[in-house]
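Below: sequence and its predicted model.
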Amino acid sequence: MDMTDTAQTAHLPQVTEPRNPGMALDLDWVHGAQANRSAIERRAATLPGRRSVKKEYQAAWLLKAISCIDLTTLAGDDTANRVRRLCAKARQPVHVDLLEALGVGGLTVGAVCVYHDMIAPAVDALEGSGIPVAAVSTGFPAGLSPFHLRVAEIGESVKAGAKEIDIVISRRHVLEGDWQALYDEMKTFREACGAAHVKAILATGELGTLRNVARASLVCMMAGADFIKTSTGKEAVNATLPVSLVMIRAIRDYHERTGYRIGYKPAGGISKAKDALTYLALIKEELGDRWLRPDLFRFGASSLLGDIERQLEHHVTGAYSAGYRHAIA
Ligand SMILES: O=C[C@H](O)COP(=O)(O)O
């Protein structure tokens with residue numbers, strides 16, 4: 001596969017997609033969705049390693065990866081100061097000397113992702129940058145608080161300035177095969193978001209089967225999700241390549257049938273630059289170049305940026321620096 005052409009378009013302006021309006025729940029389509037685990041795992045196993053791109057092309061792909069990061073902090077001990085440091089990193093994700101050496105300007109991450117209480121400092125620290133604040137919501141990560149409170153939480157986060165809302169679905173609706181309940185829940189969440197874009201976190205590590213992942217992906221898109229996202233980062237198993245393959249093929253099907261492009265966000269445990277390159281190659285091969293922009297692709301990651309910056313430093317200087325030199329927040 002040739003990733004070079006795409007790498008050279010890394011900094012073209014963002015293209016705006018018509019927003020997915022959703023559709024009626026189509027149970028025939030949902031029940032017809034299957035996932036052949038061994039075929040999916042075989043395909044996923046071909047991706048790491050053989051797709052490696054070198055030198056300036058690798059640097060260009062890593063810069064593209066940065067532009068697609070939802071730079072995240074979701075810890076119980078988050079403070080306004082930590083969030084301000086994270087936002088400073090979001091505005092200037094790579095040291096200015098490295099960017100100058102690479103001939104790049106105006107690079108930022110895709111968004112900053114925080115809990116509700118951290119929206120205000122994030123909005124304040126990102127003012128004028130054009131970087132949106134994403135808030136995790138609906139009783140993240142388990143999603144087991146009273147339904148009306150989960151809906152109200154979305155409204156509060158939108159009011160506080162979040163432009164993107166990462167909701168968690170009720171896993172039990174998937175495990176019990178209650179697709180109508182999942183659809184109704186997702187539709188209500190989407191409505192509560194208003195103009196804010198909604199990412200549906202499936203928590204795939206808790207859905208039991210890849211077939212459930214395929215079906216839940218479809219139902220969330222039918223109910224109006226703007227993005228589907230793998231994980232909260234808090235499950236025992238978070239983003240994986242097989243799960244990603246299933247979700248992005250569901251996105252491809254949805255696009256083929258409805259004409260709407262839904263975004264994809266793998267999240268949780270993606271911390272190495274080489275893993276980011278594998279994900280970008282997967283998206284390019286399965287969905288095409290259009291999806292390789294921050295309006296349709298994000299990494300949910302708290303530490304990936306540090307490793308990417310380290311690799312870029314190696315590209316520019318020929319030497320690796322210690323990881324602590326690339327602290328995130
Ligand atoms: O949505 C983002 C995840 O919570 C981040 O997970 P991570 O800390 O494993 O990168």
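Arrived safely.

got the contact list for the residue in the stretch 201-329 of the chain that the ligand sits nearest to?
The stretch 201-329 of the chain approaches the ligand most closely through Gly233 (2.4 Å), counting by C-beta to the nearest ligand atom. Bear in mind the C-beta positions are built from the backbone N, C-alpha and C, glycine included. By C-beta atoms under 8 Å, 6 or more residues apart in numbering, the contact list for Gly233 reads Thr72, Leu74, Pro141, Ala267, Gly268, Gly269, Gly300, Ser302.

Find me the pLDDT at the residue in the stretch 51-200 of the chain positioned nearest to the ligand, would you?
Nearest residue of the stretch 51-200 of the chain to the ligand (C-beta to the nearest ligand atom) works out as Thr72 at 4.2 Å. Listed pLDDT for Thr72 reads 98.

and it, how many residues sit next to it?
A total of 28 residues lie near Thr72 under the criterion other C-beta atoms under 10 Å.

Give me the residue at the spatial middle of the chain.
Lys265 (2.4 Å; C-alpha atoms, centre = their mean).

which residues does Ala192 contact?
Taking C-beta under 8 Å, 6+ apart, one finds Val151, Ile154, Gly155, Val158 in contact with Ala192.

let's see it at 6 Å
Ala192 makes contact with Val151, Ile154, Gly155 under the criterion C-beta atoms under 6 Å, 6 or more residues apart in numbering.

Just among those, which is most surrounded?
Ranked by neighbour count (other C-beta under 10 Å), the contacts of Ala192 have Ile154 at the top, with 25 neighbours.

Contacts only, for that one.
Counting by C-beta under 6 Å, 6+ apart, Ile154 makes contact with Ser137, Ile165, Ala192, Cys193.

element containing it, please.
Assigned by DSSP states H and E, Ile154 belongs to helix 147-159.

rounded to a whole number, what's the mean pLDDT of that helix?
98.

likewise stretch 24-33?
98.

and it, which residues are buried?
Across stretch 24-33, burial judged by 16 or more other C-beta atoms under 10 Å covers Leu25, Trp29, Val30, Ala33.

Check these one by one and keep those near the ligand.
Among the buried residues of stretch 24-33, no residue lies close to the ligand (C-beta under 6 Å from any ligand atom).

how about low-confidence regions in the chain?
Across the chain, the ranges flagged by pLDDT under 70 are 1-15, 49-52, 322-329.

try 50
1-2, 4-13 (pLDDT under 50).

All the strands of the stretch 51-200 of the chain, in order from the start?
For the stretch 51-200 of the chain, the strands defined by DSSP state E, counting those that start in this stretch cover 69-72, 111-114, 133-136, 164-168, 197-201.

Looking at these, which is nearest to Gly105?
Using C-beta to C-beta as the measure, strand 69-72 is the one of the strands of the stretch 51-200 of the chain that comes nearest Gly105, at 18.0 Å.

With that, I have no additional questions.
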